[in-house]
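A.B. asks: Can you look at this prediction? I've put the sequence above it.
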Amino acid sequence: MTETTHSPEHAGQKMNTSSLIFFAAITLLYISFGTVLGFVQGGLPPLLRAQGLDVETVGVAFFLYVPIGLAFLWAPLIDRYHTPLLRPRSGWIVVMQAVSLLGLVVLSTGESWPLGLLFAVGLVVTVAVATMDIALEALIVDSVNERQRAIAAACKISSFCVGAIFGGGVFVALTATIGWSGIFFCMVALGAIALVAALLLGRFERHADTRPPALSLHALVRRPNFLKKLGLTCSLFAAIVSLFALNRVALIDLGMSLEANGWIVGTVGPIVSIAGALLAAACTRMIGTKPVLYVSAAGAVVTGATWAIAAANMNLELGTIATLVGAGWLASVYTVIYAAILRWSVGPTSATDYAILFSLGNLAGLVAAGIATQLIAHLGWPTFYSMATGLFILVVAIARRDLLDEDSP
């Protein structure tokens, strides 16, 4: 039995007012989420590279991303426990958003602190935003219907990209102007707006009268096709990260300035990603997932091949074009993958299911990024991009049937 809620589901093509409020709220949360992780993932690596650190050392920055890959370890707590005054999913969202804001305030005063202490506080922040994301995704899994999953996936990617424009683009370009504290105060301001939005989500949540049973590893492994889906998710994330995650670092090696890297790639790239995600979602609703997957995967392959040529010829202009255009194909591919993960996570333990698929997928991507930095140091950029493109083709060919499962044009 469930309580009556203002669910965003509906049978028609157009979204009603309730749905618009729902998607507006999760959009603000994803922007805040993207700002923090955009700085960690997209801002720090080129910044460190521009300061003269070698590619292998720059790879260490990706360890701040580890909580995104390990969130599945505490996801069962989100399914079984909740705050006393708020509903189960939205309660976790509100509390974790508040914790991340507190951590960012602390970091704003820590410019002169030891690196180890800064790293520790940074991990607290990324643990909080990772937990918030898992609870938010569980609420979405529980609340949206099949037709709205592509919209939800595009909403996440687009909103994350808006945040990445700030965290990975504007902040990198303005580091000398706004300084250390300015970067974190801007993140706090965006996060505070998202916290207000999070308070609205409780009205959309389906609250079960009973808690789901504890999920054992044995029961999880015995689920039909779960291990297969987990393997596909990890492979897809690893292949995508290998092909796209280090493009901005490669541009530094081709001679791009840090300011241009921030303004051009860090802002235009996410805008192209937003367009790619929204277009993919619209096309999925109109013509189905299959053509979207095939066309976007082909675009990603062309991007990888173009990057191999650009790196071999030290052609900064070609590398820049490949990075910006490739951002759109990447977002389109991600839209298909996220929609599939949402579909695979439907059930009484949706937070745990989603967390295991998404978190281990991100962890696989993190490991792939670390391995990639080592390969690049020994093989060079052209050979690396050729190998990464081949890996992407192989993984998509293997996963395509499962990604297209239950496709409805």
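C.D. replies: Done, it's in. Note that this is a predicted model, so its numbers are computed, not measured. Numbering: from 1, shown residues only.

A.B. asks: Low-confidence regions, the stretch 51-200 of the chain specifically.
C.D. replies: Counting by pLDDT under 70, the stretch 51-200 of the chain contains low-confidence residues at 51-62, 115.

A.B. asks: change it to 90
C.D. replies: 51-91, 107-123, 134, 137-186, 198-200 (pLDDT under 90).

A.B. asks: what's the closest non-adjacent residue to residue 363?
C.D. replies: Spatially, and ignoring its direct neighbours in sequence, residue 363 is nearest to residue 69 (2.7 Å; Cβ to Cβ, 6 or more residues apart in numbering). For glycine as for every other residue, the C-beta is placed from the backbone atoms N, C-alpha and C.

A.B. asks: likewise residue 239?
C.D. replies: Closest to residue 239 by Cβ to Cβ, 6+ apart is residue 395, at 4.1 Å.

A.B. asks: dump the residue contacts of that neighbour.
C.D. replies: The contact partners of residue 395, taken as Cβ atoms under 8 Å, 6 or more residues apart in numbering, are 235-236, 238-239.

A.B. asks: ok, those residues vs residue 102, which is closest?
C.D. replies: Proximity to residue 102 was ranked across those by Cβ to Cβ; first place goes to residue 238, at 33.4 Å.

A.B. asks: how close does the closest residue to the closest one other than its chain neighbours get to residue 69?
C.D. replies: Distance criterion Cβ to Cβ, 6+ apart; nearest residue to residue 238, sequence neighbours excluded, is residue 368 at 3.9 Å. Distance from residue 368 to residue 69, counting by Cβ to Cβ, to the nearest Å: 11 Å.

A.B. asks: got it, and residue 372?
C.D. replies: Taken as Cβ to Cβ, the span from residue 372 to residue 69 is 16 Å.

A.B. asks: just residue 292 next, same as before
C.D. replies: The separation that residue 292 has from residue 69, given Cβ to Cβ, amounts to 27 Å.

A.B. asks: The two - which one has more neighbours?
C.D. replies: Relative neighbour count places residue 292 above the other of residue 292 and residue 69, with 26 against 22, counting by other Cβ atoms under 10 Å.

A.B. asks: Relative to residue 326, how far out is the more buried one?
C.D. replies: Taken as Cβ to Cβ, the span from residue 292 to residue 326 is 16 Å.

A.B. asks: buried residues in the helix or strand where residue 137 lies?
C.D. replies: Here residue 137 sits within helix 115-143, counting by DSSP states H and E. Going by neighbour count (16 or more other Cβ atoms under 10 Å), the buried part of helix 115-143 is 122, 124-143.

A.B. asks: what about the helix or strand that comes right after it, distance to the chain center?
C.D. replies: Reading on from helix 115-143 to the C-terminus, the next helix or strand found by DSSP H and E is helix 146-164. Mean C-alpha position of helix 146-164 versus that of the full chain (Cα atoms, centre = their mean, to the nearest Å) differs by 10 Å.

A.B. asks: quick one: helix 146-164 to helix 115-143, angle?
C.D. replies: Counting by axes from the mean of the first three to the mean of the last three Cα atoms, to 10 degrees, helix 146-164 lies at 160 degrees to helix 115-143.

A.B. asks: Show me what helix 146-164 is packed up against.
C.D. replies: With contacts taken as 3 or more Cβ pairs under 8 Å, 6 or more residues apart in numbering; DSSP states H and E, helix 146-164 sits against helix 17-38, helix 269-287, helix 316-344.

A.B. asks: Tell me which of those approaches residue 182 most closely.
C.D. replies: Once these are compared by Cβ to Cβ, helix 17-38 is nearest, at 13.4 Å.

A.B. asks: Check which helices and strands that closest one sits against.
C.D. replies: Under the contact rule (3+ Cβ pairs under 8 Å, 6+ apart), helix 17-38 is packed against helix 88-108, helix 115-143, helix 146-164, helix 175-198.

A.B. asks: and it, C-alpha only, in PDB?
C.D. replies: These are the backbone C-alpha positions of helix 17-38, laid out as PDB (Å, rounded to 0.1, in the frame of the first residue of the first chain):
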ATOM      1  CA  THR A  17       2.400  21.500 -13.900                       C
ATOM      2  CA  SER A  18       3.300  18.900 -11.300                       C
ATOM      3  CA  SER A  19       5.800  17.300 -13.700                       C
ATOM      4  CA  LEU A  20       7.300  20.700 -14.500                       C
ATOM      5  CA  ILE A  21       7.900  21.400 -10.800                       C
ATOM      6  CA  PHE A  22       9.400  18.000 -10.300                       C
ATOM      7  CA  PHE A  23      11.800  18.300 -13.200                       C
ATOM      8  CA  ALA A  24      12.700  21.800 -12.200                       C
ATOM      9  CA  ALA A  25      13.600  20.700  -8.700                       C
ATOM     10  CA  ILE A  26      15.800  17.800  -9.800                       C
ATOM     11  CA  THR A  27      17.400  20.100 -12.400                       C
ATOM     12  CA  LEU A  28      18.600  22.500  -9.800                       C
ATOM     13  CA  LEU A  29      20.000  19.600  -7.700                       C
ATOM     14  CA  TYR A  30      21.800  18.200 -10.700                       C
ATOM     15  CA  ILE A  31      23.300  21.700 -11.500                       C
ATOM     16  CA  SER A  32      24.700  21.800  -8.000                       C
ATOM     17  CA  PHE A  33      25.900  18.200  -8.300                       C
ATOM     18  CA  GLY A  34      27.500  19.000 -11.600                       C
ATOM     19  CA  THR A  35      29.300  22.100 -10.300                       C
ATOM     20  CA  VAL A  36      31.100  20.200  -7.600                       C
ATOM     21  CA  LEU A  37      32.000  17.200  -9.800                       C
ATOM     22  CA  GLY A  38      32.700  19.400 -12.800                       C
END
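
A.B. asks: Could you give the average pLDDT over that helix?
C.D. replies: Regarding helix 17-38, the rounded mean pLDDT is 88.

A.B. asks: How about that helix, which residues are buried there?
C.D. replies: Result for helix 17-38 [16+ other Cβ under 10 Å]: buried residues 18-19, 21-23, 25-38.

A.B. asks: Ok, stretch 74-94 next?
C.D. replies: Those would be 74-76, 78-80, 82, 86-94, for stretch 74-94 by 16+ other Cβ under 10 Å.
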